[in-house]
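Student: with the sequence up front, the predicted model follows.
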There are 2 protein chains.
Amino acid sequence: MAILGTVSQAGAVLDLFNLQHPEWGVRQVARTLEIPKSNAHQLLSSLESIGLLHRMVTGRYRLGFKILTLGQYLLTNTPWRDVAHRALVKLEALFSQTVQLAVLDGGRLIYVDKVLGSNPQALKSAHNIGSAVSPHANALGRVLLASKSWRVVLSTFQPSGLIAHTLFTITDQSVFKTELEQIARQGFALDLEESMLGVCCVAAPIHNHNGDIIAAISLSLHSSRNEGISDFQRDQVLQTAALISRSIAFDPEFVSENRTQARLAGRN
Amino acid sequence: MAILGTVSQAGAVLDLFNLQHPEWGVRQVARTLEIPKSNAHQLLSSLESIGLLHRMVTGRYRLGFKILTLGQYLLTNTPWRDVAHRALVKLEALFSQTVQLAVLDGGRLIYVDKVLGSNPQALKSAHNIGSAVSPHANALGRVLLASKSWRVVLSTFQPSGLIAHTLFTITDQSVFKTELEQIARQGFALDLEESMLGVCCVAAPIHNHNGDIIAAISLSLHSSRNEGISDFQRDQVLQTAALISRSIAFDPEFVSENRTQARLAGRN
DNA sequence: TCTATTGTCCAGAATAAACGGACGAATTAG
DNA sequence: CTAATTCGTCCGTTTATTCTGGACAATAGA
């Protein structure tokens, strides 16, 4: 174990920067993190020196554009994303409804791709690439959580608990646990107006060649809790996810990629 | 001064991850950075704990998806990007040629937005959002460098020097300095097949309300060094950049935004 | 099955980071 | 226009951390 305290603090500083607080000053950071001003100043200027933060002429700090570069590296080096994108396009063509792709990282559901539905009534409020939300009130999040141990799942909604988004959101832990077990058995998750009123989703997991769940896709549509999702829609989402999983597993490019690159890099 | 050594090293580790090397192991990092294995292990696991890296089941590391989230925060909190995007759309509609938006950060030119030209002969090899290139052989990069001191400019192409991309790339430092001085005087930069054969660009700077150059836009088209860019095209790019600058300067949302948010945040 | 390489962990030794205060500059309030 | 507050920056001392090399088990390869 043993995590470097300095890096941990640098991470805490980075976590201060979000949609509501795009810009931070030295004393502001010091107050919020309850550390001396000198320490906050060191952390901010150090993070600037490695490009993660950008120092304004006012002496205040914002996120650095280098983050975009790292993000592009990440997206480019995630080959299953291209496979999934093509499959999502086909799925959208079938239903004219919004489809999305997401992963679970750090206990948060992070959207990685989307295709907006061409149907005029399709969901247009889809998340941008990089949007992070709590996974519990979401078909995508739950289908990804279903493969994790209950201990890990618990940590994703601590300390705030299962926050209700609508009156249908599951807020009881034991009910939620039963729900996850059912999702793990049936291999897909439903969201019946639990994240947003009038919106229902179905999500299915994507596996890599080891059988691990690495991502999930979903189909979202305006529907009531009673109407829900049709069996045909659900099956098509499941089949699309299975198709993506198979492409990843059998395409030699993906199976061997990690090892090949590791070997090449090791030659240095 | 005084930059935290631990953060500096963490930055060096982060910089290892790029398009060619998406995945790194402990000993591999230790060899490359010439640090003990234990140290590399601590840095990697610490960077994972703050979400910047993701640990594979093999024990190797990749960039973490949290970076996408930070990138989305950055893009959302860069309001002039929306203003510029609308202007870029109009510029593309006028010429049907590819237009791009970029900033200078950490000595690198980083692309922030683009609109691909609808003309079938338009440049389709535009950079993705987040792409980072050396600024010297590029109209966008040079118009941004022109506002910097020569000392800063020098540091952007050290230690490799002015690398030639085509036979027209300026590789002599004194010639390059003269070129930058001319760009600073005339307020725009040309790229006549210096970055890619058969491609010419014109770029103009965007100023904020303080007069600082914060970004630049460019128009790219297939053209020979002799044909170059027409005066009309150049003037339209200049006018578009000026329009964006004025929108930023006079729109009260942008002028007061930083201070307002600072004040609100300070109330905590 | 045997070998080489990997990620992980531990305890002493070496060094960096944390801290509080002082300074000048910038901004706000009167 | 002036005064007072708040800001970012810097420095020297105290304190705590990180760094290092080696041993271990697990894994992948021959």
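Tutor: That came in fine, so what should we check first?

Student: okay, now the residue of chain A found nearest DNA strand D: neighbour count?
Tutor: Distance from DNA strand D to each residue of chain A (CB to the nearest atom of the strand) is smallest for A:Gly25, at 2.2 Å. Heads up, the C-betas are built off the backbone N, CA and C, glycines and all. Look at A:Gly25: counted by other CB atoms under 10 Å in any protein chain shown, it has 19 neighbours.

Student: how far away is the nearest residue to it once chain neighbours are set aside from B:Gly11?
Tutor: Among residues not flanking A:Gly25 along the chain, A:Arg60 sits closest, at 4.7 Å (CB to CB, 6 or more residues apart in numbering or on different chains). Using CB to CB, to the nearest Å, A:Arg60 is found at 21 Å from B:Gly11.

Student: for the residue nearest to A:Gly25, give me the pLDDT.
Tutor: pLDDT for A:Arg60: 96.

Student: from memory the residue of chain A closest to DNA strand D sits against A:Met56, does it?
Tutor: No: A:Gly25 lies out of contact with A:Met56 (CB atoms under 8 Å); the separation is 9.5 Å.

Student: where does pLDDT dip in chain A?
Tutor: Low-confidence regions of chain A, defined by pLDDT under 70, span residues A:1, A:250-268.

Student: what about the longest helix in it?
Tutor: Longest helix in chain A, counting residues (DSSP state H): helix A:231-250.

Student: what comes up buried for whichever strand or helix holds A:Ala30?
Tutor: A:Ala30 belongs to helix A:26-33 when assigned by DSSP states H and E. The neighbour-count check on helix A:26-33 (16 or more other CB atoms under 10 Å in any protein chain shown) flags A:26, A:28-30, A:32-33 as buried.

Student: same check, this time on stretch A:162-175
Tutor: Using 16+ other CB under 10 Å as the test for burial, stretch A:162-175 gives A:162, A:165, A:169-170.

Student: what does stretch A:46-60 give?
Tutor: Under the neighbour-count criterion of 16+ other CB under 10 Å, stretch A:46-60 has A:46-54, A:60 buried.

Student: distance between the ends of it?
Tutor: Chord length of stretch A:46-60, first to last residue, is 14 Å (CA to CA, to the nearest Å).

Student: now render the buried residues of helix A:26-33 as a markdown table, adding distance to A:Ala189.
Tutor: Listed next are these as a markdown table, based on distance: CB to CB, whole Å:
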| residue | distance to A:Ala189 |
| --- | --- |
| A:Val26 | 45 |
| A:Gln28 | 40 |
| A:Val29 | 39 |
| A:Ala30 | 43 |
| A:Thr32 | 36 |
| A:Leu33 | 37 |
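
Student: now, the buried residues of stretch A:162-175 that are in strands?
Tutor: Applying DSSP state E to these, no entry is found in strands.

Student: closest one of the residues you listed to A:Lys66?
Tutor: Using CB to CB, A:His165 comes nearest to A:Lys66 of those, at 33.9 Å.

Student: so the closest one sits against A:Val199, correct?
Tutor: No: using CB under 8 Å, A:His165 is not in contact with A:Val199, being 10.4 Å away.

Student: what does chain A have sitting close to DNA strand D?
Tutor: Within chain A, the residues that sit near DNA strand D (CB under 7 Å from any atom of the strand) are A:2, A:4-7, A:25-28, A:37-38, A:41, A:44-45, A:55, A:58-60, A:259.

Student: rerun at 10 Å
Tutor: Residues of chain A lying close to DNA strand D by CB under 10 Å from any atom of the strand are A:2-9, A:23-31, A:36-42, A:44-45, A:48, A:55-61, A:210, A:256, A:259-260, A:262-263.

Student: in helices, which of these appear?
Tutor: Those of the residues of chain A next to DNA strand D lying in helices (DSSP H): A:5-9, A:26-31, A:37-42, A:44-45, A:48, A:256, A:259-260, A:262-263.

Student: just the buried members of these?
Tutor: Buried by 16+ other CB under 10 Å: A:6-7, A:9, A:26, A:28-30, A:39-42, A:44-45, A:48, A:262, out of these.

Student: and the residues you listed near DNA strand C, which?
Tutor: For DNA strand C, the contacts drawn from these by CB under 10 Å from any atom of the strand are A:6-7, A:9, A:26, A:30, A:39-42, A:262.

Student: mind listing what A:Gln182 touches?
Tutor: A:Gln182 makes no contacts at all, as judged by CB atoms under 8 Å, 6 or more residues apart in numbering or on different chains.

Student: so what does it look like in phi/psi?
Tutor: When read as degrees, to the nearest 10, the backbone of A:Gln182 gives phi -70, psi -40.

Student: from DNA strand C, how far off is it?
Tutor: Distance check for A:Gln182 against DNA strand C: by CB to the nearest atom of the strand, to the nearest Å, it reads 33 Å.

Student: how close does that residue get to A:Leu154?
Tutor: Using CB to CB, A:Gln182 is found at 18 Å from A:Leu154.

Student: on that earlier part again, and which of the buried residues of stretch A:162-175 is nearest chain B?
Tutor: Within the buried residues of stretch A:162-175, proximity to chain B (CB to the nearest CB) peaks at A:His165, which comes in at 19.2 Å.

Student: which residues touch stretch A:102-114?
Tutor: Taking CB under 8 Å, 6+ apart as the rule, stretch A:102-114 contacts A:75, A:78, A:81, A:84-85, A:88, A:98-101, A:126-135, A:138, A:140-141, A:144-145, A:148, A:155-156, A:214-216, A:218, B:51, B:54, B:64-66, B:68-69.

Student: packing partners for the one helix or strand A:Leu190 maps to?
Tutor: In the assignment (DSSP H and E), A:Leu190 maps to strand A:189-192. Using 3 or more CB pairs under 8 Å, 6 or more residues apart in numbering or on different chains; DSSP states H and E, the elements in contact with strand A:189-192 are helix A:139-145, strand A:199-207.

Student: quick one: contacts of the helix or strand hosting A:Leu91?
Tutor: A:Leu91 is part of helix A:80-95 when elements are defined by DSSP H and E. Here helix A:80-95 makes contact (CB under 8 Å, 6+ apart) with A:75, A:98-101, A:112-119, A:206, A:208, A:214-215, A:217, A:219, A:221, A:233, A:236-237, A:240, A:243-244, A:247-248, A:251, A:254.

Student: how about A:His41, what does it touch?
Tutor: For A:His41, the contact set (CB under 8 Å, 6+ apart) comprises A:26, A:30.

Student: any idea how far it is from A:Asp113?
Tutor: Using CB to CB, A:His41 is found at 39 Å from A:Asp113.

Student: for A:His207, list the residues it contacts.
Tutor: The contact partners of A:His207, by CB under 8 Å, 6+ apart, come to A:213-214, A:245, A:248-249.

Student: quick check, nearest of the residues you listed to DNA strand C?
Tutor: Nearest to DNA strand C out of the contacts of A:His207 is A:Ile214 (CB to the nearest atom of the strand; 18.7 Å).

Student: tell me the angle the helix or strand following the helix holding A:Leu91 makes with helix A:80-95.
Tutor: Next along the chain after helix A:80-95, taking DSSP H and E as the criterion, comes strand A:99-105. Angle, strand A:99-105 to helix A:80-95, by axes from the mean of the first three to the mean of the last three CA atoms, to 10 degrees: 150 degrees.

Student: could you see whether DNA strand C lies near strand A:99-105?
Tutor: No: using CB under 10 Å from any atom of the strand, strand A:99-105 stays clear of DNA strand C, coming no nearer than 17.5 Å.

Student: tell me how far stretch A:94-101 is from the chain's mean position?
Tutor: For stretch A:94-101, the separation from the chain centroid amounts to 18 Å (computed by CA atoms, centre = their mean, to the nearest Å).

Student: ok so, going back, farthest pair in the buried residues of stretch A:46-60?
Tutor: Within these, A:Ile50 and A:Arg60 form the most distant pair, 18.0 Å apart (CB to CB).
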